[in-house]
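Student: Predicted model and sequence below, questions to follow.
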2 protein chains.
Amino acid sequence: MPLGDKQGWEKSESRYCGVETEFNDDMPSVLTSNLSPGFFDFVVAPLMNPTYRPSLVAKDASGSSPVLPFASSDLVLSPSQWSTHVVGKISCWIDLDAEDETLRVDSETTLKQEIAWASHLSLQACLLPSPKSTSCANYARCVNQILQGLHNMQLWLRIPLVKTDEDAVDENSKKIVDSWEVWNSFRLLCEHHSQLSIALDIMSSLPSITSLGRWFGEPVRAAMISTDVVICGKSLLSVPKTESGLAPNTSNVDNQSVPSSFNHLSHPLKSYLNYIGFLFQKMDPVPEQELFELGYRDFLQSPLQPLMDNLEAQTYETFEKDSMKYIQSLVKLEGWEDIVTIISCDMRHWNAPEEADILVSELLGSFGDNELSPECLDGAQRFLKRDGISIPSSYTSFIQPVTASKLYNDVKSHKDLVHFETAYVVKLHNIARLAPSQPVFTFNHPDYSAKKSNERYKKLCFKMPSDAGSALVHGFAGYFDATLYKDVHLGIEPSTATPNMFSWFSIFFPLRTPVCIQSGSDLEVNFWRSSDSSKVWYEWCVTSPCASAIHNSNGRSYWVGL
Amino acid sequence: MPLGDKQGWEKSESRYCGVETEFNDDMPSVLTSNLSPGFFDFVVAPLMNPTYRPSLVAKDASGSSPVLPFASSDLVLSPSQWSTHVVGKISCWIDLDAEDETLRVDSETTLKQEIAWASHLSLQACLLPSPKSTSCANYARCVNQILQGLHNMQLWLRIPLVKTDEDAVDENSKKIVDSWEVWNSFRLLCEHHSQLSIALDIMSSLPSITSLGRWFGEPVRAAMISTDVVICGKSLLSVPKTESGLAPNTSNVDNQSVPSSFNHLSHPLKSYLNYIGFLFQKMDPVPEQELFELGYRDFLQSPLQPLMDNLEAQTYETFEKDSMKYIQSLVKLEGWEDIVTIISCDMRHWNAPEEADILVSELLGSFGDNELSPECLDGAQRFLKRDGISIPSSYTSFIQPVTASKLYNDVKSHKDLVHFETAYVVKLHNIARLAPSQPVFTFNHPDYSAKKSNERYKKLCFKMPSDAGSALVHGFAGYFDATLYKDVHLGIEPSTATPNMFSWFSIFFPLRTPVCIQSGSDLEVNFWRSSDSSKVWYEWCVTSPCASAIHNSNGRSYWVGL
């Protein structure tokens, strides 16, 4: 029964709870004993006899290929049972980076055989054992080879949730161990493959909250919780927050053997399951406004082109029809027919009958000036009295570096340069914010200065927190804050955001090559707002720790038409 | 007159010597006074009056666009004179990263105007002034914008040849200044644009030889030599070695003014020119064997496919015809008709009439096993007596990390993944070798071991020299060394290479994203030799300082057919 099965929870916010089982030839009885109503949703089951070693089999065999010691025939469960109720657990003994060559080769053979079998069974996912050391290039190489030919199945790499202090050393006097770094190497080696994700092993002690934060930008599909953790009474409230992504997620509530005979009306781990359910139910339900936005989470949208005249005619028609209708209904509704006159035209070309005292506009984009508010208001300020007021009177854009593996993968999936040099409007969710945001460009209105220009250049330096561990920067989250008048502001910059406002999502500027950055070091970033006679665009780049390419040179990929 | 104008020098090895001049409206007389026979080959001349500032002009002008203060009309020289004899010198005062916004905007305007004028004049190159500080993102952004629309002209970025010690600090107490790092940032920001290259400013003291070595892998088009350097008597013998690339190269022998009236039969800098010529002539001429190979320098060739049967039939026919003819002529010539029998077939399928005492083979590729010598000799060793000898008895491949901007650019120009995941046979020239080479894979013949496999995995750790400064790794140079019999070896690994052997060039494994690496740190690299029933391939990746993608997974881009 899904954990979120109560009022006020959206289906997509449900979480599923599975149980890790031992090797057993009799899969139907494994399912019966663990998945009865009120018990678990699925099992994480070994697919092959753990004593199997290819090199030993080969010695015995007389040339003909032996039958592999898989758990059960594929026919003992229906395809939908295999797919819905079983996550394959790859043999834990495999070690593809072992010094011993026989073990290494046996490991590779076994891994490939088990994944092939799991694919045949149409399992949704397989759990890969944790890398045995921080050096895991051969394991990654083999998984990467497998991923090239894998159609639907997900591979969950089991990663222990540990980060020791900077000065800690292992038995070989090497600095250890930030498991995020192991994951980061593994996924860089596998090129951010979208079918490779994480099963986080929750240990009895948690790393610092800053270091934990990095997982919020990662494809964490499951949290594995040992019964030890629950017994020693540590708080588990933080766990569901690290669970982001698609169902099914597993919470492994046991790595002990399940007794072979027990009361079918109960389950030895029922109390643990109940406790997890209790914790999950205690979480606040998603607020109503957030429910509305669930479908938009991490979904990349192309920014608007409000001034450009070569959008498809129909797009404009639809837009104008709707907004005309909306505004005129409203005028009537409020009884303003005699007071308000609606003029539908480009404000840059309208001739006002008299100068105005106040100019109120709503031209702001997610990044403030990105829908050309500066250019529009420059064109409109001539019908404002010299001592007139513009609302907003100013606005500022902000950026901060983020880990956002899902967004990066979505951009990458287009396989072209253009998408890597475009900013997207997006409801940010599965991201890690790596440093506080900083202001980028500011515009004031009205502005009567002689050499006025709407071009801008800003260099920013983000100091990475010294206790978080190293991080990967996939790009920059962007926001705006506007001063409407005097001390009245409105905006979406996280630390000062106007509450309960959902007219604007954030903006996301991707990086073509993600940047690895060490704890405590500086990330130097440059942003430009450029223009020519027909368009406005941004360019951006990183200059430290190492220079990136300049993105969107001359607005070659992304621009807003004037 | 080209410096290399003597016996034993190839035209392409010639170097040209130019002179930097001051702003002068009268270009014909600038050329006459500097380029008379026996004087310089070209001038490096300012294109615009150095007092020009766009912001001042704009103030004076009454709306109509003013005539820009260019040196001379385009008509005073013929197009071929402009192109052959003049390198444009961009105004030195420009500073696109200045704090002062007016200066910054003036600088950008001027740079774009001068380059546009130089393009109109069909100049071959313009000299860009050195970045004023290590922070040069805005300068790079502007140059990068210009490069997007530049058709033929080269831009030479002037870079002073300096690298201070690690602990040196500038007036703002910041660590300074490795000018290679400035160049590296600049070219990364400009995405290794092939029209962006270097004019190295030789100063009166040189950095350490290890640090100098990095420039050997860079697109250095010119060396600028101040008269001060010659006066103070420093050796200039190292200069011509840093000059690699295409003519014309400039050696700037003056940044002083040339007196306006002087004897037309002489030139005030003639003695400097003579001295440069003398130093150049003192260099050893290119050895005859190298002359033969000049055309192959840094030219990427696809590796052979010796066993594959789906090459174009004609390719095979041509190859077989030629070699048959060659071998049979030789047999006849030596009078061996009665002793030698030539069998033309695949050695893996031939049935030998009797077992041999010695098996001599020549199946080695540039990387040793890359032309499938292991697989061929495995197939052939069955007709060797059990105590028979294989020549070669073993061979080992080697790699070392290199800076190779030309090779990287050539690979990148294909704009696809396949070329970045292919190894190339290449006569390496314009490269910097960043650390001594290390052995990768070894094969021994004959090999009767029971579980013989020709798959291999090797992890290597290269320690970067601590005094060289940081570096950029574009890929790996590969070599082989073979033991023919007992202590007789043959190979191309640089430190042990067989002299005067030119049957093998090196091999080059590119990296999709060049890796920045700090002085003194570790570069960890992994190489695999994999195979399936139909092919053999390599995979490779970097795992430290930061993980790269695994290149050529499953041999998707590059493989050798069995």
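Tutor: Good, I have the coordinates.

Student: residues near whichever residue of the stretch 1-150 of chain A sits closest to chain B, how many?
Tutor: Of all residues in the stretch 1-150 of chain A, the one sitting closest to chain B is A:Ala137 (4.5 Å; C-beta to the nearest C-beta). The way it works is simple: take the backbone N, C-alpha and C, and place the C-beta from them, glycine included. Using other C-beta atoms under 10 Å in any protein chain shown, A:Ala137 is surrounded by 26 other residues.

Student: Quick check: closest non-adjacent residue to it.
Tutor: Once flanking residues are discounted, A:Ala137 sits nearest to B:Asn526: 4.5 Å by C-beta to C-beta, 6 or more residues apart in numbering or on different chains.

Student: residue contacts, the one you found?
Tutor: B:Asn526 is in contact with A:137-138, A:141, B:457-460, B:540-543, counting by C-beta atoms under 8 Å, 6 or more residues apart in numbering or on different chains.

Student: and it, what are its phi and psi?
Tutor: Torsion angles at B:Asn526 (phi, psi; degrees, to the nearest 10) stand at phi -120, psi 130.

Student: now swap in A:Met203 and tell me
Tutor: Dihedral angles of A:Met203 (phi, psi; degrees, to the nearest 10) stand at phi -100, psi 170.

Student: Look at the residue of the stretch 1-150 of chain A closest to chain B and report its pLDDT.
Tutor: The model reports A:Ala137 with a pLDDT of 97.

Student: and what of the one 4 residues further on?
Tutor: According to the predicted model, the pLDDT of A:Arg141 comes to 98.

Student: Show me what whatever helix or strand it lives in is in contact with.
Tutor: Secondary structure from DSSP states H and E places A:Arg141 in helix A:137-148. For helix A:137-148, contacts defined as C-beta under 8 Å, 6+ apart pick out A:96-97, A:104, A:108, A:111-112, A:115, A:128, A:131, A:155, A:157, A:185-186, A:189-191, A:193, A:195-196, B:457, B:459, B:526, B:528, B:539, B:541, B:543, B:550, B:553-554, B:556.

Student: How far off centre is the helix or strand that comes right after it?
Tutor: Following helix A:137-148 in sequence order, the next helix or strand is strand A:154-160 (DSSP H and E). In this view, strand A:154-160 has its centroid 16 Å away from the chain centroid, taken as C-alpha atoms, centre = their mean, to the nearest Å.

Student: for strand A:154-160, packing partners?
Tutor: Judged by 3 or more C-beta pairs under 8 Å, 6 or more residues apart in numbering or on different chains; DSSP states H and E, strand A:154-160 is in contact with strand A:125-128, helix A:137-148, helix A:179-189, strand A:196-202, strand A:220-225.

Student: ok so, going back, return the subset of the contacts of B:Asn526 lying in helices.
Tutor: Those of the contacts of B:Asn526 mapping onto helices are A:137-138, A:141, per DSSP state H.

Student: Report the inter-axis angle for the helix or strand harbouring A:Pro401 versus helix A:179-189.
Tutor: Assigned by DSSP H and E, A:Pro401 falls within strand A:394-403. Using axes from the mean of the first three to the mean of the last three C-alpha atoms, to 10 degrees, the direction of strand A:394-403 lies 90 degrees away from that of helix A:179-189.

Student: what sits up against the helix or strand just after strand A:394-403?
Tutor: Proceeding N to C from strand A:394-403, the next assigned helix or strand is helix A:405-412, under DSSP H and E. Contacts with helix A:405-412, where a contact means C-beta under 8 Å, 6+ apart, come from A:187, A:192, A:194, A:217-219, A:298, A:300, A:419-420, A:424, A:426, A:430-431, A:474-475, A:508, A:510, A:514.

Student: Going through these, which ones are buried?
Tutor: Buried by 16 or more other C-beta atoms under 10 Å in any protein chain shown: A:187, A:192, A:217-219, A:298, A:300, A:419-420, A:424, A:426, A:430-431, A:474-475, A:508, A:510, A:514, out of the contacts of helix A:405-412.

Student: give me the low-pLDDT residue ranges for the stretch 1-150 of chain A?
Tutor: A:1, A:4-13, A:58-65 (pLDDT under 70).

Student: Report the central residue of chain A.
Tutor: Centroid-nearest residue in chain A, with C-alpha atoms, centre = their mean: A:Asn430, separated by 2.9 Å.

Student: Identify the residues contacting that one.
Tutor: A:216-217, A:219, A:244-245, A:297-298, A:404-407.

Student: same question, A:Pro303
Tutor: A:365-366, A:370-371, A:423-425, A:507, A:560.
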